[in-house]
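Chemist: What shape does this take:
(one chain, ligands or ions: 1)
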Amino acid sequence: MEITITRATSQKPIPESSTLGFGRYFTDHMFIMDYEEGNGWHNARIVPYAPLMLDPAAAVFHYAQECFEGLKAYRTDAGRVQLFRPDCNARRLNCTHRRLCIPELPEDDFLHAVKALVEVEQAWVPGAEGTSLYIRPFTIATMARLGVHASSSYQFLIICSPSGAYYAAGLEPIKIYVEDTYVRACPGGTGYIKCGGNYAVSLLAAQKAEADGYSQVLWLDSQERKYVEEVGAMNIFFKVDGKVYTAKADDNDGTVLPGVTRRSIIELLKDWDYEVIEGRLAIGDIMQAAEDGLLEEVFGSGTAAVISPIKQLDYRNQSAFINQGQIGPLTQKLYDTLTGIQWGRLPDPKGWTVPVC
Ligand SMILES: *Cc1c(COP(=O)(O)O)cnc(C)c1O
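Modeler: Numbering: from 1, shown residues only. Predicted coordinates:
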């Protein structure tokens, strides 16, 4: 894949690290590639960041044929820039494309595009503790037809946003509402892929929980409202009586998104000789374990926060309190290990990091 590069003629000021937040500032360039039936993916280019011009009838606006990925570039103490397991994102994007009838994108092209854009934007990769450059690849259906059919044309784009330290003052355990009315995903649906539709349907529950003082909701299965699936847009782990449980996440099926962070945590836990159980875990059993003093640690996992410790679960009229509101030792160790590898402070025996420049 050849990428043509058109440099921006003026550069935006790069914001102070302390003011970054998440997803508020965007860099000077973006990557775009087009797809048309018969012509395949073509015209890979890096151009100045700018609004898109799309036909108002484009399928993305009406039938939500679109999807995204999320990963980060990290600046090491030596000043180099590296990615964390971008091959997993490349593969997952294609699982998503297949489910949404979007033509697949060669994984090498995805990696090449991400690296090329990050290299152009390297000055935007912040260096302060806990900061990174968030990378958002996404695909949209562009065919201007209102008939309900898979589009015959698409654009694949990548934008980048410098992102602040997720935890300004150490890891802050959060309070969670166990949602037993609304659901995020159902069997045979799209829970296992990263499509915007999954997010649109999750907003109302999140908004209500937030109004009641919760950080997020814990999603239960759609059939019985009995088994735990995810927390907000993160995977969730429970340490009960020494063993670690998380919902099963299939690459090609199911209601749980197979997170790259989730998968990395499972690999680390197995290396550390923990028993990890990927399966169905009933919310009733979790509440009971808390009552019996066996619910030791609970945390969410995802690229943005890496790990988000949970201190309280409210289910119907019952509350489970976890580890006296403190982050648990295993949660802390996982956080330190993952972030250590991501920012290049720890050795990377599994070859998870990929240098860019
Ligand atoms: C992106 C996402 C995750 C986390 O995946 P990572 O690859 O670890 O960032 C978890 N759940 C949902 C619903 C997601 O969209």
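
Chemist: any bit of whatever helix or strand residue 217 lives in sitting next to the ligand?
Modeler: Take DSSP states H and E as the rule and residue 217 turns out to sit in strand 216-220. No - shown here: strand 216-220 not in contact with the ligand (CB under 6 Å from any ligand atom), separated by at least 8.7 Å. Glycine gets a C-beta too; all of them are placed from N, C-alpha and C.

Chemist: Which elements pack onto that strand?
Modeler: Counting contacts by 3 or more CB pairs under 8 Å, 6 or more residues apart in numbering; DSSP states H and E, strand 216-220 is packed against strand 174-179, helix 203-211, strand 228-231.

Chemist: Might you list the low-confidence residue ranges for the chain?
Modeler: Counting by pLDDT under 70, the chain has low-confidence residues at 168-169.

Chemist: need the residues of it near the ligand, please.
Modeler: Residues of the chain lying near the ligand (CB under 6 Å from any ligand atom): 70, 194, 230, 233-235, 257, 259-262, 301-303.

Chemist: Serialize those residues to JSON lines and add fields for secondary structure and neighbour count.
Modeler: Below are these laid out as JSON lines (DSSP: H, G, I helix; E, B strand; the rest coil; neighbours: other CB atoms under 10 Å):
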{"residue": "70", "secondary structure": "coil", "neighbour count": "18"}
{"residue": "194", "secondary structure": "coil", "neighbour count": "23"}
{"residue": "230", "secondary structure": "strand", "neighbour count": "28"}
{"residue": "233", "secondary structure": "coil", "neighbour count": "21"}
{"residue": "234", "secondary structure": "strand", "neighbour count": "23"}
{"residue": "235", "secondary structure": "strand", "neighbour count": "24"}
{"residue": "257", "secondary structure": "coil", "neighbour count": "25"}
{"residue": "259", "secondary structure": "coil", "neighbour count": "24"}
{"residue": "260", "secondary structure": "helix", "neighbour count": "24"}
{"residue": "261", "secondary structure": "helix", "neighbour count": "23"}
{"residue": "262", "secondary structure": "helix", "neighbour count": "23"}
{"residue": "301", "secondary structure": "strand", "neighbour count": "27"}
{"residue": "302", "secondary structure": "strand", "neighbour count": "20"}
{"residue": "303", "secondary structure": "coil", "neighbour count": "22"}
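
Chemist: all helices for this structure, in order.
Modeler: Here the chain has its helices, by DSSP state H, at 59-63, 86-99, 107-120, 196-200, 203-211, 260-271, 283-291, 329-342.

Chemist: Dump the last one to PDB, keeping only the CA atoms.
Modeler: Backbone C-alpha positions of helix 329-342 (Å, rounded to 0.1, in the frame of the first residue of the first chain) are rendered in PDB as follows:
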ATOM      1  CA  PRO A 329      -3.300  -5.800  45.400                       C
ATOM      2  CA  LEU A 330      -3.900  -8.000  42.300                       C
ATOM      3  CA  THR A 331      -5.700  -5.100  40.500                       C
ATOM      4  CA  GLN A 332      -2.800  -2.800  41.300                       C
ATOM      5  CA  LYS A 333      -0.200  -5.400  40.100                       C
ATOM      6  CA  LEU A 334      -2.000  -5.800  36.800                       C
ATOM      7  CA  TYR A 335      -2.200  -2.100  36.300                       C
ATOM      8  CA  ASP A 336       1.500  -1.600  37.100                       C
ATOM      9  CA  THR A 337       2.500  -4.400  34.900                       C
ATOM     10  CA  LEU A 338       0.400  -3.500  31.900                       C
ATOM     11  CA  THR A 339       1.200   0.200  32.000                       C
ATOM     12  CA  GLY A 340       4.900  -0.700  32.700                       C
ATOM     13  CA  ILE A 341       5.000  -2.600  29.400                       C
ATOM     14  CA  GLN A 342       3.000   0.000  27.500                       C
END
